[in-house]
Each structure stands twice: as C-alpha cells, then as structure tokens.
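*Asks:* pasting the sequence and the predicted coordinates here, then a few questions.
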Amino acid sequence: MMETKTKLLLKILIGTAWLDGIIYPQERIYLRETASKWGLGEDADLKNLLSELKPVSPDECYGWLEEYLGDNPTQNDYDNLLGAISALVYSDGDVQLQEARLLTKLQGFDLVAEPQRSIFDKILMSIRNLYRQTLTSKSE
C-alpha cells in the first residue's frame, strides 16, 4: 500500500533528525507536535519511529525521500519538503550559519535540470553535513 505524502514527509523528518545519530530534545518535541498536528500521532509506524528505540539509518531516510519525490517530483512536493526540513532546522530556535547555508543550498536545486538521483544525494548530503557541523559547533 502506498503511504500518504504527509506520512512519508514526517518519516523523512524523523530520518533527518537521526542523521547525526541522536534526536535532540527540541527535535523530539517538534516531531511529536508535528505528528499530532498532521493527525498522525496514533499511526503505529510513526509511533514506533518516534519511540527512538531503533535509530533510522541514512539509507532508510534516502528510501523515504525517493518514494516521496517519486519519478517526477513536482515543485509542490519539493516546496513541502523544503518547508518541513526548514521547520525542523528552526525548531531549536538557534539557527547556525551552517543551517542557513543548507537552506539556501536546498532552495537552489533545479528539479528540471538535474537528474533525480543527483537531487536525492545532494539533499541528504546537505542535511547530513548540516547536522555534523551543528553538532561540532555546539560541542565547542
């Protein structure tokens, strides 16, 4: 059964939060509030992911991203993805320079001119780098 775009988007956000190996308290609050707001708070799959008993691997996140955007991603799908990731990045109220750079980079992708696989790789690599840099700057 094909999952709804909204559920896939939330799964991508959960996977994004796991890219640095840990879900921070602000991210946890944001993800749970978003699940509730989107009417997905009682979804069994999402409850399991939100329980944090098992980390989400980058490959899982990549798969959800691929499924979400599909073979011919629309600008609306991309805008929804960008908006949701932006909200997650801003959820801790402390936007780092690296986070601002990531959002600028994500906004610059051209869905028409670039191959789909290339877009996926760039999005995930950008998100992964953001969390690594944020983690490094917060531990200094």
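*Replies:* In hand now; what should we look at? Residues are numbered from 1 along each chain as shown.

*Asks:* now do the helices in the chain.
*Replies:* With DSSP state H as the criterion, the chain has helices at 5-18, 25-37, 44-50, 58-69, 75-90, 97-107, 116-139.

*Asks:* residue 25: how many residues sit nearby?
*Replies:* Using other Cβ atoms under 10 Å, residue 25 has 9 neighbouring residues. Quick note: C-beta positions are derived from backbone N, CA and C, even for glycine.

*Asks:* what of residue 47?
*Replies:* Residue 47: 13 surrounding residues under other Cβ under 10 Å.

*Asks:* and for residue 52?
*Replies:* 15.

*Asks:* let me know the pLDDT of residue 61.
*Replies:* For residue 61, the pLDDT comes out at 82.

*Asks:* residues touching the residue nearest to it when sequence neighbours are not counted, list them.
*Replies:* Spatially, and ignoring its direct neighbours in sequence, residue 61 is nearest to residue 15 (2.8 Å; Cβ to Cβ, 6 or more residues apart in numbering). Taking Cβ atoms under 8 Å, 6 or more residues apart in numbering, we find residue 15 in contact with 56, 58, 60-61, 64-65.

*Asks:* let me have those in TSV, adding neighbour count as columns.
*Replies:* Below are the contacts of residue 15 laid out as TSV (neighbours: other Cβ atoms under 10 Å):
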residue	neighbour count
56	19
58	16
60	17
61	23
64	22
65	22
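
*Asks:* thanks a lot, catch you later.
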